[in-house]
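Novice: Provide a 3D model corresponding to the input given below.
(chains A and B)
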Amino acid sequence: MSAVPDKGSPSSLRLVMTLAIAGLISGVAIIGIYEATLQTITENKARELREAVFKVLPGVSDMQPFVYRDGKIVVSEPDKDEPVVYGGYDEQGAFVGYAMPGAGPGFQDTIKILYGYKPAEKLVVGMEVLESRETPGLGDKIYKDMDFVDEFYSLAIEPEIVAVKKGTKTADNHVDAITGATISAKAVVRIINETHAAWAGQLPPSGSEPELEAKGQGGSGAGP
Amino acid sequence: MKKNESYDEFIKGIWRDNPVFAQVLGMCPMLAVTNSAINAIAMGMASMFVLVGSSFLVSSFRNLIPKQVRISCFIIIIATFVTIVDYTLLAIVPKVHKELGAFIPLIVANCLILGRQEAFASRYPTKLAVMDALGMAVGFLVALFSLGAVREILGDGALFGVKLFGENFEPWVVMILPPGGFLTLGVILLFFNWFKYKKDEFLEDVAAAERSSR
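Specialist: This next block holds a predicted model:
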């Protein structure tokens, strides 16, 4: 060990050691907080997703995730970036509809939504914004303005949904846009249309949806 | 005397050396997250935790940290606290975390926090450093809140999400958009500078009157 250098210039070793120790302590602290909060964060996310699915598909009491592999829909937890839809089932285990996650550019940042889709009637039956950074007071009306959210309770999806000026709604596939937040409202409609178009060829014909599998891990969206 | 001193360090951050109104620091979060009062308060609390925690550590270890690497050490300490805040908010109040978004990690780059470490915490005893940090943080919180409240009231007709005016109120939408942040901040700074100017004028008058009476 070299002699401790007196005031003036500390040895390089001391400088390196100081930073190394600081980094080490910091690393331990960060790992600690990560480990401590990880479980709560995953649970929060799984719960939020589950609640959202139940909200956009009225009457649903159980759900399971589907992915599209080898030309058909299979029940599975998605791999990394694989698109996923959630099948919703009522208490008797009968298929009710899909909860379809979609994402697309909004006014400021990506908007992530989840919407309920009943393939038999080709209807959107609910819409929930999962993530958005739209302007508070304006764009955030896409989930705060109940008039707008209610537009999605029974909305024909074919032909594709059109956002029209507020009060000029004339058809089943029309959505009243929000005054002052047209871009955000149109973004939501576009996301639903795009997601629908992307899945249209992949979902099985109405009536032949996969059955609800026996509850393994509680059927939640949380992967291991 | 001792008590008085730490009280002075506390109070100066709130008024005389207010980090926003007097030092014009921390402008990025100031303008970005003050579009509603609740966001402003969450940001203020997060900054307070980071500032007080870092000041405490920096001041406690000020004799152990060689001055050649002090800035790196400050940043390591600040970044650790910011990460802690980030994960804690995500776990406890995911909604608030969602609203503040990228601005939580960006607290690391808030010059107010690094500035206090360099200018104060690394030179003074722990007790004074913590008082100084508390004062600055409260000053920052007050500034964030006043901007957030003004912008939410004018731009959305509400405070903390509670509607204040009747149905006929037409929200002044520009106030919650970025230009509203600049406008509000400009008006508040105008007031502060006017006040300071008036005070200086007054003190000069007093001094002049004293001179002439002598």
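Novice: can you give me the helices for chain B?
Specialist: Assigned by DSSP state H, chain B shows helices spanning B:2-14, B:27-32, B:37-60, B:70-92, B:94-100, B:111-116, B:126-156, B:178-213.
Novice: wait, what's in contact with the residue nearest to the spatial centre of chain B?
Specialist: By CA atoms, centre = their mean, chain B has its centre lying nearest to residue B:140, at 1.6 Å. Residue B:140 sits next to B:19-20, B:26, B:44, B:47-48, B:51, B:112 when contact means CB atoms under 8 Å, 6 or more residues apart in numbering or on different chains. The C-beta positions use only the backbone N, C-alpha and C, and glycine is treated the same way.
Novice: can you tell me how far it is from residue B:190?
Specialist: As judged by CB to CB, to the nearest Å, residue B:140 and residue B:190 stand 20 Å apart.
Novice: tell me if the longest helix anywhere in chain A is near chain B.
Specialist: Using DSSP H, we find that the single longest helix of chain A is helix A:12-56. Yes - residues of helix A:12-56 are located near chain B by CB under 8 Å from any CB of the partner chain, namely A:14-15, A:18-19, A:22-23, A:25-26, A:29-30, A:33-34, A:36-37, A:40-41, A:44, A:48.
Novice: which of the contacts of residue B:140 sits closest to residue B:182?
Specialist: Nearest to residue B:182 among the contacts of residue B:140, counting by CB to CB, is residue B:20 at 13.4 Å.
Novice: just give me the neighbour total for the closest residue to the closest one other than its chain neighbours.
Specialist: In space, and not counting its chain neighbours, residue B:20 is closest to residue B:143: 3.6 Å by CB to CB, 6 or more residues apart in numbering or on different chains. For residue B:143, the neighbour count with other CB atoms under 10 Å in any protein chain shown is 25.
Novice: also residue B:16?
Specialist: The number of residues packed around residue B:16, counting by other CB under 10 Å, is 13.
Novice: tell me the contacts of it?
Specialist: Going by CB under 8 Å, 6+ apart, residue B:16 touches residue B:22.
Novice: residue A:73 in helix, strand or coil?
Specialist: Three-state assignment for residue A:73 (DSSP: H, G, I helix; E, B strand; the rest coil): strand.
Novice: so what's the residue nearest to residue A:164 when sequence neighbours are not counted up against?
Specialist: Nearest residue to residue A:164, sequence neighbours excluded (CB to CB, 6+ apart): residue A:174, at 5.0 Å. Counting by CB under 8 Å, 6+ apart, residue A:174 touches A:161-164, A:168.
Novice: out of those residues, which is nearest to residue B:122?
Specialist: The nearest member of those to residue B:122, counting by CB to CB, is residue A:163 at 56.3 Å.
Novice: report the strands that pair with the lowest-mean-pLDDT helix or strand in chain A, each with its relative direction.
Specialist: Lowest on mean pLDDT, DSSP states H and E among the helices and strands of chain A sits strand A:72-75, with a mean of 75. Applying DSSP bridges, strand A:72-75 is found paired with strand A:62-69 (antiparallel).
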